[in-house]
Structures are given as structure tokens and as C-alpha cells.
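*Asks:* the sequence and its predicted three-dimensional model are supplied below.
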Amino acid sequence: MDENVLQHFRSDEAPLIDAVGGWIQQSQDEYRPVLTNFLNPRQVYIATTLAQRADVPVRFNGGYAHAEMQRALFYPDYYEPVAKDFELAVLRVDYPVKFATLHHSQILGTLLGAGIEREILGDILTDGTTWQVVTEAGMADYLTGQVDRIGRVKARLQLADFADLVHPLSEWTAEGATLSSLRLDNIVGTGFHLSRHRAKELIEAGHVRLNWAETQKPDYELDVADIVSVRGFGRIRLDEVGGRTKKDKIRVTLAVLQK
């Protein structure tokens, strides 16, 4: 990928940019649709930006409207994508609802602990009692045969129908703010009304994840569509970075999901 493109993104995003460039090139060279694994919101933003730059159509699907994790489909102009092109499946977690309580982290941890890569898993959904996992259709049989418990709870994954997909309980709240910088500790402090010092402590203690990856860098600079998870508090998504105020503060829009 040329330097003119790379300068618009962070240096640690170069491998993803190269991967997206490869998918785009493959779609152009072979004149056919190219489907990716699941992408997080920041990755979706980058894929969208690069596809627009290359004038290659792209669509995203995570199984339902406003899904966080989505598969991308790059395709030529002649092609009209349909839902089945995204090769998605939804699995229901069967467990003793009356006698056990499950958590998102338990389910994700169990799947990752079984050797499942994060990129083949979509969103994990719940309405409070029912839990479901969106995944790649080609992995559904493997997953249903791989899991027999979630944490200490006996559980099974069963293939379900997208018509029965649950509606997530939690809703994001949009908040406008002005920031001195886009540092991770500043975003965490602003989003959850914590002191910069307290936010820094949480990050350095390993209680914060950025785009589902561990980070202990309070000074890491965030960008549009980054998602920050803070243990015990919830999540923050950086939705928009605007202009600057007269006092040289950065205008941003944050989406906050309280735990």
C-alpha cells in the first residue's frame, strides 16, 4: 500500500490496510465477490475508506442492523449482493437458565479458549436470558461439536434461525464532548466521568481493551470507530472527530454503553 494511504491511518494498522488492499485487488483482478472474516467497527471504517478510494463497491453484514462485528463483501459493479452471500449462522447457547447466569466475557472466553479465532465470531447477543452467537456458516458444525460448557456451566451450542434473533438489551447513548487530545486515558476519563489519573490507572492495570485487544498505553491516540471496553464500567465508541474550538479543543461525539 502506498505511503499516501498509510499516512491517513496509524502505523500499527498497516497489516490490516495491506489485507484490505489485497481483498480489493482480488475482487478487481478476478472480477468476482470477495468475502472477509468478521471486522470490528474500526476495521469496517478502514475497509469502507479504502474501497471508496479504489472505487470498488463493498457491503457489510453482521446478521442484524447495527451489528458491531460484520463481514465485508467486496464485489464488481455487475454483482448485486444478497444476504446468503455473507455466509452467516447464528448459534443459541442451551444452558440451565433457571440455575445459572452467563456473561458475555464467559462465552467469548470459552470460544477463544477452544482455539476459535476472534475474526470468525460475530456479535454475542442476549435479551437477559437467551444467549446467541453469530458466526461464519462454515464454522457452525465445528462450534456445535466443540463446546460442552461455558465456564463451569454445562452448555451446548445449537444452530438457530435468524428469524429468532434476540434484540440486545443495551443501547448506546451519544454524548458530545470537547477534548484536549484523543489519548486513550482522556477518552476513558471523559466517557465515564473519571479523573485522568483514575483512567490511567485502569489502563495500566490491564482493565481496558481497545478494539477487543489488550492495551496498557494511556497515551495511545484513538481515531474514528475505535471501541474501548473498560472492565466494570462499559464501553465507549469514538463516533466522530470534528473541528477545533476557539480554545483549540477537539470536538468529538462519543457513544457510551454503560455496564
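*Replies:* Yes, it's here.

*Asks:* so which residues make contact with stretch 38-54?
*Replies:* The contact list for stretch 38-54 (Cβ atoms under 8 Å, 6 or more residues apart in numbering) reads 5, 8-9, 13, 16-17, 20-21, 23-24, 28, 36, 57-58, 60, 62, 68-72, 74, 118-122, 136, 211-212, 223-227, 237. The C-beta positions use only the backbone N, C-alpha and C, and glycine is treated the same way.

*Asks:* buried among those? Need that as a selection in PyMOL.
*Replies:* To isolate in PyMOL the members of the contacts of stretch 38-54 that are buried, counting by 16 or more other Cβ atoms under 10 Å, one can use:
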select buried, resi 5+9+13+16+17+20+21+23+24+36+57+58+60+62+68+69+70+71+72+74+119+120+121+122+136+224+225+226+227+237
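
*Asks:* out of the contacts of stretch 38-54, list just those in helices.
*Replies:* Those of those mapping onto helices are Val5, Leu16, Ile17, Val20, Gly21, Trp23, Ile24, Gln28, per DSSP state H.

*Asks:* return the alpha-carbon coordinates of stretch 25-42 using PDB.
*Replies:* Backbone C-alpha positions of stretch 25-42 (Å, rounded to 0.1, in the frame of the first residue of the first chain) are rendered in PDB as follows:
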ATOM      1  CA  GLN A  25      -7.300  -6.200  -5.700                       C
ATOM      2  CA  GLN A  26      -8.500  -9.800  -5.800                       C
ATOM      3  CA  SER A  27     -12.100  -8.600  -6.500                       C
ATOM      4  CA  GLN A  28     -10.800  -6.400  -9.300                       C
ATOM      5  CA  ASP A  29      -8.500  -9.000 -10.800                       C
ATOM      6  CA  GLU A  30     -10.900 -11.900 -10.600                       C
ATOM      7  CA  TYR A  31     -14.000  -9.800 -11.300                       C
ATOM      8  CA  ARG A  32     -16.000 -11.600  -8.500                       C
ATOM      9  CA  PRO A  33     -17.200 -11.000  -4.900                       C
ATOM     10  CA  VAL A  34     -14.600 -11.500  -2.200                       C
ATOM     11  CA  LEU A  35     -15.800 -12.200   1.400                       C
ATOM     12  CA  THR A  36     -13.800 -11.400   4.500                       C
ATOM     13  CA  ASN A  37     -13.900 -12.700   8.100                       C
ATOM     14  CA  PHE A  38     -15.600 -10.500  10.700                       C
ATOM     15  CA  LEU A  39     -14.300  -7.000  11.100                       C
ATOM     16  CA  ASN A  40     -14.700  -4.700  14.100                       C
ATOM     17  CA  PRO A  41     -16.000  -1.200  13.700                       C
ATOM     18  CA  ARG A  42     -12.600   0.400  13.200                       C
END
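
*Asks:* for Ser229, give me its contacts.
*Replies:* Taking Cβ under 8 Å, 6+ apart as the criterion, Ser229 is in contact with Val208, Arg209, Leu210, Trp212, Arg235.

*Asks:* just the element for the second one, please.
*Replies:* Under the criterion DSSP states H and E, the helix or strand holding Arg209 is strand 208-210.

*Asks:* quick one: average pLDDT of the helix or strand following that strand?
*Replies:* Read in the C-terminal direction, the helix or strand following strand 208-210 is strand 213-214, with elements assigned using DSSP H and E. Mean pLDDT, strand 213-214: 89.

*Asks:* what pLDDT does the model give the spatially most central residue of the chain?
*Replies:* Using Cα atoms, centre = their mean, the residue of the chain that lies closest to the mean C-alpha position is Asn40, 3.0 Å off. Listed pLDDT for Asn40 reads 96.

*Asks:* where's it relative to Leu165, distance?
*Replies:* As defined by Cβ to Cβ, to the nearest Å, Asn40 lies at a distance of 20 Å from Leu165.

*Asks:* can you give me the strands for the stretch 51-200 of the chain?
*Replies:* 58-61, 70-74, 88-94, 121-126, 131-136, 149-150, 153-154, 156-160, 173-179 (DSSP state E, counting those that start in this stretch).
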